[in-house]
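In: how does the following fold in three dimensions:
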Amino acid sequence: MFQVKGVRFGTGRPKVCAPLTGTTREELLREAILAREAGADLAEWRLDCYHDVFNKEQLKETLVLIYEMLERLPLLLTFRTLEEGGTQDISIKDYHDLYKFLIDTELVEMLDIELFKIESMEKDLLHDIHRRQIPLVISSHDFKETPADPVLLYRLNMMEHFGASIGKIAVMPNNERDVLRMMELTRRAHAFVSMPLVTMSMGELGMVSRLAGNVTGSAITFGALDATRASAPGQLPVKELKQIISLLNEN
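Out: Numbering: from 1, shown residues only. Sure, this is the predicted structure:
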């Protein structure tokens, strides 16, 4: 369990996260206001969607302005690579340099790094993240299938090995059994790892997994600001998701 701006992760009801996917500063600031007004618990800035992501001056200025618009909402910074559902490709060097720059701004509240990128990155980056006590989400996304349980458990163990504050796995189900298997695995995985988990089955078939965090122990669920701003298949609007989660938590 850890806390950012008074929001406690890994305890209580699942927290609702609103991804910010704007391509321009103006779009991002509008989305930040929408996220706050929709009642999200935190926001995720999808850096890969931002056209000026590699312009360091513009990036830092936009980050400061987003914080102002979000007010008390925590912000998770994520560059989602093309291989894992992002909008653009990036070299390992550029990926490393981008995260190093963000960390050095001393403005970062939470970071997402993909599991399959960590082993290729310089060790000093992880060391710096842990030294600065920045909460780290280590993530893995599979848009083709739901891997076997031992594979998923191995990925979670590797995430904890690298010092994740949260381990995140998102998979694509091919049938209802895949959805139920992912939900059951999430529930069982707490016996194997001590970090909070974020898991989901994507698409319409897996929508129930986004609502079941109270039962499975998934700490965060992701909702869209509207139908045109979904950052992954199967996301419900933030307002509806928050209402459902609150209702389930009350009961």
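In: just checking, G167 touches Y154?
Out: No: in this structure, G167 is not within contact of Y154 by CB atoms under 8 Å, at 11.5 Å. (C-beta placed from N, C-alpha, C; glycine too.)
In: these two - which one has more neighbours?
Out: Taking other CB atoms under 10 Å, G167 and Y154 do not tie; G167 has more neighbours (26 against 13).
In: distance of the more buried one relative to E83?
Out: Distance, G167 to E83, by CB to CB, to the nearest Å: 19 Å.
In: hmm, V193 is touching I166, no?
Out: No: V193 lies out of contact with I166 (CB under 8 Å); the separation is 10.6 Å.
In: which residue is the nearest non-sequential neighbour of M158?
Out: Spatially, and ignoring its direct neighbours in sequence, M158 is nearest to L115 (6.2 Å; CB to CB, 6 or more residues apart in numbering).
In: give the contact list for that neighbour.
Out: Shown in contact with L115 (CB atoms under 8 Å, 6 or more residues apart in numbering): I138, S139, S140, R155, M158, M159, F162.
In: likewise for R25?
Out: Per CB under 8 Å, 6+ apart, neighbours of R25: D52, Q58, E61, T62, L65.
In: checking the last one next. Helix, strand or coil?
Out: Of the three states, L65 takes helix under DSSP: H, G, I helix; E, B strand; the rest coil.
In: pLDDT score for it?
Out: You'll see L65 listed with a pLDDT of 98.
In: which residue, neighbours along the chain excluded, lies closest to it?
Out: L29 (5.9 Å).
In: can you name the helix or strand that that neighbour falls in?
Out: Secondary structure from DSSP states H and E places L29 in helix 25-38.
In: the one helix or strand K100 maps to - contacts with which helices or strands?
Out: Take DSSP H and E as the rule and K100 turns out to sit in helix 92-104. On a contact count with 3 or more CB pairs under 8 Å, 6 or more residues apart in numbering; DSSP states H and E, helix 92-104 meets helix 56-70, strand 110-114, helix 123-131.
In: run the angle between the worst-scoring helix or strand of the chain on mean pLDDT and helix 25-38 for me.
Out: For the chain, using mean pLDDT, DSSP states H and E, the weakest element among its helices and strands is helix 238-250, scoring a mean of 85. Helix 238-250 and helix 25-38 meet at an angle of 30 degrees, taking axes from the mean of the first three to the mean of the last three CA atoms, to 10 degrees as the criterion.
In: pull stretch 142-156 out as CSV, backbone CA atoms only.
Out: These are the backbone C-alpha positions of stretch 142-156, laid out as CSV (Å, rounded to 0.1, in the frame of the first residue of the first chain):
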residue,chain,number,x,y,z
ASP,A,142,-1.2,-8.7,-24.4
PHE,A,143,-3.7,-7.7,-27.1
LYS,A,144,-3.8,-11.1,-28.7
GLU,A,145,-4.6,-13.6,-25.9
THR,A,146,-4.6,-14.4,-22.2
PRO,A,147,-1.4,-16.3,-21.5
ALA,A,148,-1.3,-19.4,-19.3
ASP,A,149,-1.5,-18.9,-15.6
PRO,A,150,2.2,-19.8,-14.9
VAL,A,151,3.3,-17.2,-17.5
LEU,A,152,1.2,-14.5,-15.8
LEU,A,153,2.4,-15.4,-12.4
TYR,A,154,6.0,-15.3,-13.6
ARG,A,155,5.4,-11.8,-15.0
LEU,A,156,4.0,-10.7,-11.6
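In: all further residue positions should be reported with the first residue as 425.
Out: Sure thing, new numbering starts at 425, so read that last one as stretch 566-580.
In: show me what counts as buried in that stretch.
Out: The neighbour-count check on stretch 566-580 (16 or more other CB atoms under 10 Å) flags D566, T570, P571, L576, L577, R579, L580 as buried.
In: and the third one, what's its pLDDT?
Out: Confidence per residue is given as pLDDT, and for P571 that number is 97.
In: in the protein, what spans have low per-residue confidence?
Out: Flagging of the chain using pLDDT under 70 yields the residue ranges 651-658, 674-675.
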